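Q: Fold the following for me, if possible:
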Amino acid sequence: MLLVHLPLTTEGLTPGTDREAGLLQDVLWAHARPPHALEHVRIRPIAHGLNVAMFVRADCDTTARAQARSLLNDALAAGALRGYSLAPEHPA
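A: Below you'll find the predicted structure:
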């Protein structure tokens with residue numbers, strides 16, 4: 001099981017809220033499918049959005065990040081949190 005941190009930022013770079021963190025956590029569990037291999041999720045408000053920490057079952061960091069990003073993108077595409085975006089992945 002590997003830990004993946006993915007920050008979400010708001011359009012106005014405003015702080016996230018506990019309510020938004022709770023909503024996103026519920027939506028992630030609702031959208032999680034076996035290929036995502038989600039084991040645990042914790043979301044905390046930060047100065048410019050939300051920090052998403054997910055534990056996923058994977059053999060390597062690259063696979064874990066891809067699974068976590070896929071799940072988070074699915075949740076955002078479903079309209080979980082309007083005004084939030086996931087930063088593009090930077091090449092290693």
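Q: so what secondary structure elements neighbour the host helix or strand of Leu76?
A: Using DSSP states H and E, Leu76 sits in helix 61-77. In terms of contacts (3 or more CB pairs under 8 Å, 6 or more residues apart in numbering; DSSP states H and E), helix 61-77 is packed against strand 2-10, helix 18-31, strand 38-46, strand 49-56, strand 84-86. In short, each C-beta sits where N, CA and C put it, glycine included.
Q: just the angle between it and strand 38-46, please?
A: Between helix 61-77 and strand 38-46, the angle comes out at 70 degrees (axes from the mean of the first three to the mean of the last three CA atoms, to 10 degrees).
Q: Distance to Ala68 and mean pLDDT added to the helices and strands packed on helix 61-77, as TSV?
A: As requested, the helices and strands packed on helix 61-77 are exported to TSV (distance: least, CB to CB, whole Å; pLDDT from 0 to 100):
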stretch	distance to Ala68	mean pLDDT
strand 2-10	4	94
helix 18-31	10	94
strand 38-46	8	96
strand 49-56	5	96
strand 84-86	10	89
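Q: now the ones you listed in JSON lines, with distance to Thr62 and mean neighbour count?
A: Listed next are those as JSON lines, based on distance: least, CB to CB, whole Å; neighbours: other CB atoms under 10 Å:
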{"stretch": "strand 2-10", "distance to Thr62": "10", "mean neighbour count": "17"}
{"stretch": "helix 18-31", "distance to Thr62": "20", "mean neighbour count": "16"}
{"stretch": "strand 38-46", "distance to Thr62": "17", "mean neighbour count": "15"}
{"stretch": "strand 49-56", "distance to Thr62": "12", "mean neighbour count": "21"}
{"stretch": "strand 84-86", "distance to Thr62": "17", "mean neighbour count": "16"}
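Q: Present the ones you listed as a markdown table; the columns should include distance to Leu76.
A: As requested, the helices and strands packed on helix 61-77 are exported to a markdown table (distance: least, CB to CB, whole Å):
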| stretch | distance to Leu76 |
| --- | --- |
| strand 2-10 | 8 |
| helix 18-31 | 9 |
| strand 38-46 | 13 |
| strand 49-56 | 11 |
| strand 84-86 | 7 |
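Q: Which among these is found nearest to Asp74?
A: Closest of these to Asp74 is helix 18-31, at 4.9 Å (criterion: CB to CB).
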